[in-house]
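Student: all I have is the shape, not the residue letters:
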């Protein structure tokens, strides 16, 4: 067991603040990601919080400000459970960095995402107690974590539209996969916004602000925004990220792996984000000239990814396995990773591809090539 | 003025049942499409309905069945207005047909879409009066139009998820752009489901059925489904269409047009569908190697497309203008039209491109080439 209660097979991008992604093998273990393997994205040191002293403040455009203890939260509201996939906006950034470097940003692979069952109360229920005014547009969240990279230095924060905040799937959660939240995942309380980029699921929540406008802080107004290829980050520049775009990746076989020729099982995940769901995943062995449909595995509900598997019949030699997912609007992923390059390396949702070498019996199947 | 109160510049694909799309010049007149230029997609003859005798039945999984006159509908519920884009699932099918023929399906260009302001009552308000049971999943709609192409012959129908049906933007509409509905657009009453394919905005509405499962009729269970490239239509086969996928097209200049070299205004539309909105449109003159951002024009609210314009500086010679739109999940359109080909020719949402010839002063600018 590594620091912060995490397994040693996480791929650590940064020690402090701790940033680490789940390895592909751990993701492939099943559609619910083990807590000790779940990715961590942080912008500041994990704050030390005494749950007995902790309070949740609700203020802004409300008729009644709230100041709630952890015990009150648990006693005064209905407990709810949601199985939801979280995904960092920088997931699969490594594919963009391979095209052109993105200095200062971690080269996340396909493991800056995971799925857990979250337990807590509906944000909507807490908001109802505060009686938001009619002019409300956005619900802001502020954590206890001070983030040195922000300009100026500030606590992590972000907001979601009020219309989303009122929906029953948005939780203030104290448990993950049936266990109390680990400190590194936001204990005692974090937001979970299913279908939105992970950055909106603010950890170490201490304050909810009912607002007319989106969160003005650094992590929504300056970064976590999609810039054009030739853009530079700045206040209000670019597209504010929010809904997760349709994405997919291959978990097995790994890039460059040598496999035994013959039928090879291909496994991966696909996640539609937003209010959409994955309806089909296709696999091609001939660069997209023809496709066969993968089998969609466990359906964990509308807020979770789908794992999928397909069988590829590989003759000895080099192969490229190309994948495309489709969402419930019948939209599919863009082809070209290069065309998605952007200065902060967000939202790489190009069709994934892995190159493998199929070797005949007696050769070195099972080992990585080169 | 042509039949059905339509202008003569519509592109008529079928006389009976009447199917016609809006010309690009008419679409380019502004973000609200004139009613007499609005596209028409029908599967049966326009039914003759006496509004005084017409009734709306609400049945299925409800506590209280309803049987409402047109007068009651207008008097008993709050009147609402929504500006919404409708888009046929076959919009831009011509681009797919150019790759491989799709027998029996109309070669719709970019004009099987349009935007109007609709007036009526919220479906949610009518449903509330009927008290749907707790087991409800879908709200079905049935029109008065008998459709000979269906197997077996049946009235047109379809359903939307109950969660969508409860939202305030879904109307039962009797007016379009401030005038009573034309018979060809569904008078006396039609459904308008913003963000969904046009087929769910059932015309000549006579019955609403509260259901546990999606509509079992031909136009949802057999067609209006996305098949794999090698599929054949059949009950339950393929992905049921619903949410409109992000799409865009160029309205001006036209494909093959000769334009004066120098600054050329490029105009078009982009529509995000679903619960998303268009956040950016890019134009490339070098096959996607570099992009410049178009200006987004009038914002008509969350359910309408965005018109856009850009200036392309064209030296004399042949040019290809390539466009990509982005939605609020930071997703963009797929590149390859060929890769989207499917047996019924639905959901062509590839990046649009038009080829133009820029001619120096004194040459034949303004005329179509060849």
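Tutor: Yep, it's here. As the structure is a computational prediction, the values presented were derived from the model and not from experiment.

Student: any low-confidence regions in the stretch 1-150 of chain A?
Tutor: Within the stretch 1-150 of chain A, the stretches with pLDDT under 70 are A:1-2.

Student: tell me where the stretch 201-350 of chain A has strands.
Tutor: Ranges of strands in the stretch 201-350 of chain A, per DSSP state E, counting those that start in this stretch, are A:205-211, A:225-226, A:239-240, A:247-252, A:258-260, A:262-271, A:278-284, A:292-293, A:295-296, A:306-314, A:317-327.

Student: what's the mean pLDDT across the longest one?
Tutor: Right, strand A:317-327. Per-residue pLDDT over strand A:317-327 has a mean of 98.

Student: pretty sure residue A:12 contacts residue A:20?
Tutor: Yes: assessed by C-beta atoms under 8 Å, residue A:12 is found in contact with residue A:20 at 4.4 Å. C-beta: built from backbone N, CA, C; applies to glycine.

Student: who has more neighbours out of the two?
Tutor: residue A:20 (28 against 15; other C-beta atoms under 10 Å in any protein chain shown).

Student: so the residue of the stretch 1-150 of chain A at minimum distance from chain B is in which element?
Tutor: Of all residues in the stretch 1-150 of chain A, residue A:89 sits closest to chain B, at 8.2 Å by C-beta to the nearest C-beta. Per DSSP states H and E: residue A:89 is located in neither a helix nor a strand.

Student: so who does it touch?
Tutor: A:197, A:198, A:199, A:224, A:241, A:346, A:347 (C-beta atoms under 8 Å, 6 or more residues apart in numbering or on different chains).

Student: give the buried residues for whatever helix or strand residue A:160 lives in.
Tutor: Here residue A:160 sits within strand A:154-161, counting by DSSP H and E. Buried residues in strand A:154-161, counted by 16 or more other C-beta atoms under 10 Å in any protein chain shown: A:154, A:155, A:156, A:157, A:158, A:159, A:160.

Student: the second one and residue A:147 touch, don't they?
Tutor: Looking back up the chat, that one is residue A:155. Yes: counting by C-beta under 8 Å, residue A:155 touches residue A:147, with 6.9 Å between them.

Student: overlap in contacts, the two.
Tutor: residue A:44.

Student: so residue A:280 touches residue A:293, yeah?
Tutor: Yes: using C-beta under 8 Å, residue A:280 is in contact with residue A:293, at 6.2 Å.

Student: ok, and of the contacts of residue A:89, which contact chain B?
Tutor: A:241, A:346, A:347 (C-beta under 8 Å from any C-beta of the partner chain).

Student: need the residues of chain A near chain B, please.
Tutor: So chain A meets chain B at A:226, A:228-230, A:239, A:241-246, A:273-276, A:279-280, A:282, A:288, A:290-291, A:293, A:326, A:328-336, A:339-340, A:346-347, A:349 (C-beta under 8 Å from any C-beta).

Student: show the buried residues in the residues you listed.
Tutor: Buried among those by 16+ other C-beta under 10 Å: A:226, A:228, A:239, A:241-246, A:273-276, A:279-280, A:282, A:288, A:291, A:326, A:328-335, A:339-340, A:346-347, A:349.

Student: returning to that earlier point: check which residues of the next helix or strand after the strand holding residue A:160 are buried.
Tutor: Counting by DSSP H and E, the next helix or strand C-terminal to strand A:154-161 is helix A:162-165. Within helix A:162-165, the residues scored as buried using 16+ other C-beta under 10 Å are A:162, A:164, A:165.

Student: and which of those is nearest to chain B?
Tutor: So of the buried residues of helix A:162-165, ranked by how close each gets to chain B (C-beta to the nearest C-beta), first place is residue A:164, at 9.3 Å.

Student: the closest one reaches residue A:191, doesn't it?
Tutor: No: counting by C-beta under 8 Å, residue A:191 is not a contact partner of residue A:164; they are 11.3 Å apart.

Student: so what sits against both of those two?
Tutor: Joint contacts of residue A:164 and residue A:191 (C-beta under 8 Å, 6+ apart) are residue A:170.

Student: tell me the bridge partners for residue A:80.
Tutor: Following DSSP bridges, residue A:80 is listed with bridge partners residue A:120.

Student: how many neighbours does it have?
Tutor: Using other C-beta under 10 Å: residue A:80 sits among 18 other residues.
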